[in-house]
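Asks: Mind folding the following:
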Amino acid sequence: MNQAAKRLAHIADHILAPMSAPSSSRAAKVAVLGASGGIGQPLSMLLKTSPRVGELSLYDVANTPGVAADLGHINTGSSIKGYVGPDQLPEALQGCDLVVIPAGIPRKPGMTRDDLFNINASIVAGLCQAVATHCPQAWVAIISNPVNSTVPIAAEVMKRAGAYDPKKLFGVTTLDVVRAEKFISEINKVDPKDVSVPVIGGHAGITIVPLLSQSQPPLKLSEDELAKLTSRIQNAGTEVVEAKQGAGSATLSMAYAAARFADACLRAQAGEDVVEYAFVQSSVLPNVPFLASKLRLGSQGTVQELGLGPLSSAEQRNIDAMTPELLGSIKKGIEFVEKQGVEAANK
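Replies: This next block holds a predicted model:
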């Protein structure tokens with residue numbers, strides 16, 4: 001086997017190995033809302049390869065039948081169907097165990113996650129209203145940025161619909177963990193699968209707080225080097241946007257990270273004790289209602305928030321610095337839904 005073939009085989013093994021399911025587990029129905037987009041297509045492909053997925057439901061405003069037809073030729077056991085437009089959304093959601101939402105516009109050069117707010121907020125609100133109506137028991141994983149605001153939006157929409165379960169709503173921050181693991185593996189010259197590092201806070205800029213003092217294997221870096229690594233993890237999304245020179249944002253790595261999180265959810269639903277990071281309704285930090293932190297997942301959703309662990313003085317400063325920005329983003333999301341409610345009542 002030549003080197004290129006060996007490399008491809010290694011990549012396939014790395015992606016598929018964590019998704020191997022015990023033969024006794026029930027295959028789930030999973031919906032991807034925004035399945036025709038830059039994240040949605042590779043995410044849907046990875047989910048099509050998962051033995052934990054029995055039925056894959058792809059929804060978008062265009063092109064999903066073609067995406068479904070293409071992925072339907074992959075020789076795995078799951079069935080797949082594409083749905084287009086609001087009229088078909090109820091059928092797409094019916095009976096879902098897990099709904100993953102990457103819908104929305106991507107970041108472009110010079111655009112912050114906050115710049116995405118006005119468009120993506122409306123998209124997420126509408127989709128979550130449909131989830132609350134057609135599959136209220138499903139777990140919901142939000143990818144659409146800015147996650148620091150879209151998760152509170154989802155929570156408020158589902159509260160108003162009487163379908164909110166904080167144990168089953170997640171903001172997908174797995175990409176921050178994946179990046180931290182990769183960057184640390186390069187520094188320590190080890191396999192990324194042997195790296196463990198908490199990344200807490202939110203999912204944008206300084207709200208992303210890697211707890212490098214808890215990295216395993218340990219990092220032997222100076223304070224200045226730790227600060228530079230922290231900054232790289234926080235700004236890794238911008239690194240990709242700039243490298244693509246206007247052609248898009250982090251889609252492939254996000255799809256990989258989202259597939260990893262979806263697999264964690266499906267393993268938990270099947271009864272496994274799973275530990276993963278996500279942005280959820282939280283009580284870890286006083287007066288911070290949503291936070292990404294280490295969670296224990298079980299068959300009913302979040303079982304336990306596992307806290308932050310011991311912090312270095314620099315990490316405590318980073319948490320103190322990020323808190324006002326995170327709170328502002330959370331408030332913005334809640335106020336968006338409140339404003340929508342007022343406007344609807346006045347019509």
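Asks: When you work out contacts or count neighbours from here on, use the C-alpha atoms and nothing else.
Replies: Noted.
Asks: May I have the phi/psi pair for the one residue sitting closest to the centre of the chain?
Replies: If you average the C-alpha coordinates of the chain and look for the closest C-alpha using CA atoms, centre = their mean, you land on residue 172, 2.0 Å from that point. Listed backbone geometry of residue 172 is phi -80, psi 100, with angles given as degrees, to the nearest 10.
Asks: can you pull the contacts of it?
Replies: By CA atoms under 8 Å, 6 or more residues apart in numbering, the residues touching residue 172 are 141, 142, 143, 147, 258, 261, 278, 279.
Asks: What part of this protein, helix or strand, is modelled with the least confidence?
Replies: helix 3-16 (a mean of 43; mean pLDDT, DSSP states H and E).
Asks: what comes up buried for whatever helix or strand comes next after that helix?
Replies: Sequence order places strand 28-33 as the next helix or strand after helix 3-16, per DSSP states H and E. When burial is assessed from 16 or more other CA atoms under 10 Å, strand 28-33 yields the following buried residues: 28, 29, 30, 31, 32, 33.
Asks: you'd agree the second one is up against residue 95?
Replies: Yes: because the distance of 7.0 Å satisfies CA atoms under 8 Å, residue 29 is recorded as touching residue 95.
Asks: ok, residues contacting stretch 51-63?
Replies: Where contact means CA under 8 Å, 6+ apart, the residues beyond stretch 51-63 that reach it are 19-21, 25-36, 44, 47-48, 64, 68, 76-86, 89, 92-93, 103, 263, 266-267.
Asks: And for stretch 27-37?
Replies: 40-41, 43-44, 51-64, 67, 92-93, 95-104, 127, 266.
Asks: Likewise for stretch 311-324?
Replies: Residues outside stretch 311-324 that contact it (CA under 8 Å, 6+ apart): 201, 206, 207, 208, 209, 210, 211, 213, 288.
Asks: so the fourth one touches residue 234, yeah?
Replies: Yes: proximity of residue 208 to residue 234 meets the contact threshold set by CA under 8 Å, at 5.5 Å.
Asks: Mind listing the shared neighbours of those two?
Replies: Shared contacts of residue 208 and residue 234, defined by CA under 8 Å, 6+ apart, comprise residue 176.
Asks: For the buried residues of strand 28-33, work out which two are farthest apart.
Replies: 28 and 33 (16.0 Å; CA to CA).
Asks: The helix or strand hosting residue 120: which residues count as buried?
Replies: Applying DSSP H and E as the criterion places residue 120 in helix 117-134. Using 16+ other CA under 10 Å as the test for burial, helix 117-134 gives 117, 120-125, 127-134.
Asks: returning to what we had before: the contacts of residue 172 in strands, which ones?
Replies: Among the contacts of residue 172, DSSP state E puts 141, 142, 278, 279 in strands.
Asks: For the first one, name its beta-bridge partners.
Replies: Put plainly, it is residue 141. Listed by DSSP bridges, the beta-bridge partners for residue 141 are residue 100, residue 170.
Asks: Could you give the number of residues near it?
Replies: When neighbours are defined as other CA atoms under 10 Å, residue 141 has 25 of them.
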